[in-house]
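S.K.: sequence-free structure coming up:
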């Protein structure tokens with residue numbers, strides 16, 4: 001009799017707890033605690049990820065799920081774009097712009113060795129272009145052009161062995177061309193001409209699936225590097241979707257299906273001989289401009305869909321023994337009252353919200369334990385727009401503004417918190433409002449701010465002050481004067497970082513980012529956009545920060561508040577899932593994988609918690625049924 005040991009070479013293990021590390025799919029064990037047999041089962045699922053920064057559709061894409069690139073596309077203004085964005089598996093960051101903007105173009109290769117060809121450049125008369133460009137991970141460079149210009153072209157391969165096929169014509173284009181890293185040469189033609197055809201695979205083992213002639217086709221053909229051969233048809237006509245994988249293990253998802261141009265969220269698996277409908281569906285049905293990638297079929301990515309709001313959506317497909325939960329903001333218990341310009345201290349499960357503006361300026365303090373907010377001892381000095389750092393048992397607050405408005409006095413008062421009461425300490429050397437900060441109660445830093453209170457021709461100080469637990473001393477000056485900026489609150493006094501802010505005069509938003517070494521500030525890579533009045537104490541450290549909320553346009557008013565979240569890794573910025581509620585002048589606390597946002601303008605009492613992406617084994621209990 002065949003036994004489990006005969007098949008797997010070992011007997012079933014008895015374990016007191018389920019394993020958490022990597023376990024092979026189908027492996028069985030006996031859990032002595034629950035008196036059950038268990039196993040790990042593979043599953044398929046699409047999960048939402050961070051939005052791209054520039055809303056566009058029908059962009060070219062290539063690369064893997066953790067090193068992807070999106071380029072070109074069509075803007076809501078009915079113009080093509082040359083913008084490039086790179087995806088690192090968590091969020092999007094700016095890449096080098098293409099030489100020529102276009103959409104419905106072909107793409108092949110990787111994030112650091114990409115290939116873009118064909119497309120529609122608009123206005124009428126410049127569509128069906130022959131343009132070819134290569135990407136080196138930083139910039140695009142023009143190359144020898146396609147022999148036949150076309151849009152809606154199918155694509156496969158690499159930067160040095162690319163393949164382009166199909167495209168529009170009265171009956172659909174059958175032309176096929178191969179790229180060798182220098183030039184294009186004609187290959188044998190498709191058996192059935194069509195555009196909006198999805199490509200999968202490499203130059204010598206490709207698949208061309210579906211397409212439009214007009215009418216969406218089920219036709220599938222395979223290419224061996226010389227000839228195209230008819231293969232098993234799709235279950236239903238489909239075109240303009242995304243593709244990933246290989247000729248024997250492929251994936252097609254999204255696109256359009258009959259009747260008309262109906263958008264679909266369907267995912268199809270291909271094993272080289274037949275198609276099956278996956279139980280995993282896209283969260284949002286959309287066309288993807290017949291884009292392909294070099295991602296394996298078990299780890300695909302869908303992005304830059306057909307139109308707003310789909311033009312900003314990113315989803316990841318995974319087929320594995322792990323359950324992947326995407327990073328996200330989630331609603332949490334609300335503050336006792338709506339408030340803005342509130343100072344945050346602490347972590348996601350142990351935070352203080354200090355002072356703020358509720359019509360009057362308040363000295364109110366509330367404490368969050370990860371489950372609820374409760375009143376804490378009030379500040380000695382009512383203020384809003386204050387700087388803050390430290391913990392719930394060793395907190396520090398300084399600066400800010402009082403009343404009356406608009407001629408509110410700017411504060412220099414500093415207070416320390418020991419977990420039960422606030423005590424007055426040595427004042428800041430320079431009174432300032434809308435100040436940012438980072439560090440601890442005994443090694444903190446106050447950065448920038450406005451002094452006196454913001455006016456049409458009043459410059460913000462560029463100075464930094466350092467606190468040692470008893471007094472403030474002068475630190476290095478910022479290179480860019482700013483107030484209403486954000487700092488990574490958990491950063492050390494000798495490893496700080498400041499993002500964005502408001503520069504006055506003149507009245508401008510800045511995207512400047514600077515890092516502090518305890519002595520001087522150094523300008524580093526900029527934010528993706530000009531940005532200000534986000535969480536003054538954002539989550540994280542100098543090399544792993546999360547920035548959220550705020551305004552990316554002037555004036556700082558309710559309509560310009562946004563939900564944006566950005567991550568900073570010490571070198572580059574990338575997008576993260578957005579807040580559920582748009583707001584500026586909010587409180588912030590926590591670390592990059594466990595952030596906390598609360599209050600804000602427009603006046604709100606809403607609280608949200610951020611959780612980074614998590615992975616866990618898909619453990620199932622085995623039953624006889």
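M.R.: Structure received. What you see is a predicted model, and the numbers here were worked out from it, not measured in a lab.

S.K.: can you give me the strands in the stretch 351-500 of the chain?
M.R.: Along the stretch 351-500 of the chain, the stretches classed as strands by DSSP state E, counting those that start in this stretch are 351-354, 365-368, 373-376, 387-390, 395-398, 414-417, 422-425, 436-439, 444-447, 464-467, 472-474, 486-488, 496-503.

S.K.: what lines up beside the second one in the sheet?
M.R.: Strand 365-368 sits in its sheet next to strand 351-354 (antiparallel), strand 373-376 (antiparallel), going by DSSP bridges.

S.K.: ok, now the fifth one?
M.R.: With DSSP bridges as the test, strand 395-398 is paired with strand 387-390 (antiparallel), strand 414-417 (antiparallel).

S.K.: now do stretch 45-60, average pLDDT.
M.R.: Averaging pLDDT along stretch 45-60 gives 92.

S.K.: for residue 83, the count of nearby residues, please.
M.R.: The local packing of residue 83 (other C-beta atoms under 10 Å) involves 21 other residues. For the C-beta atoms, the positions are set from N, CA and C on the backbone; glycine is no exception.

S.K.: ok, back up a step: highest mean neighbour count out of the strands paired with strand 365-368?
M.R.: Mean neighbour counts were compared across the strands paired with strand 365-368 using mean count of other C-beta atoms under 10 Å; the top stretch is strand 351-354, at a mean of 28.

S.K.: who touches it?
M.R.: Under the criterion C-beta atoms under 8 Å, 6 or more residues apart in numbering, residues 335, 339, 342-346, 365-368, 373, 376, 379, 386, 388, 392, 395, 397, 417, 587, 589-590, 596, 598-599 lie in contact with strand 351-354.

S.K.: make a ChimeraX selection of the buried ones in these.
M.R.: Selection of buried members from those for ChimeraX, criterion 16 or more other C-beta atoms under 10 Å:
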select :335,339,342,343,344,345,346,365,366,367,368,373,376,379,386,388,392,395,397,417,587,589,590,596,598,599
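
S.K.: got CSV for the strands paired with strand 365-368, with mean pLDDT and distance to residue 612 too?
M.R.: Listed next are those as CSV, based on pLDDT from 0 to 100; distance: least, C-beta to C-beta, whole Å:
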stretch, mean pLDDT, distance to residue 612
strand 351-354, 98, 18
strand 373-376, 98, 23
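
S.K.: so which of those strands comes closest to residue 188?
M.R.: strand 351-354 (65.1 Å; C-beta to C-beta).

S.K.: same question for stretch 430-444, mean pLDDT?
M.R.: The pLDDT scores in stretch 430-444 average 95.

S.K.: actually stretch 547-558, not the one I typed
M.R.: The average pLDDT for stretch 547-558 rounds to 86.

S.K.: return the set of buried residues in that stretch.
M.R.: Per 16+ other C-beta under 10 Å, stretch 547-558 contains these buried residues: 547-552, 556.

S.K.: where does this structure have low pLDDT?
M.R.: For the chain, applying pLDDT under 70 flags the ranges 1-11, 20-26, 38, 40-42, 124-125, 404-408, 452-460, 505-506, 620, 624-625.

S.K.: quickly list the domain ranges of it.
M.R.: For the chain, automatic domain parsing gives the domain ranges 4-40, 45-320, 329-611.
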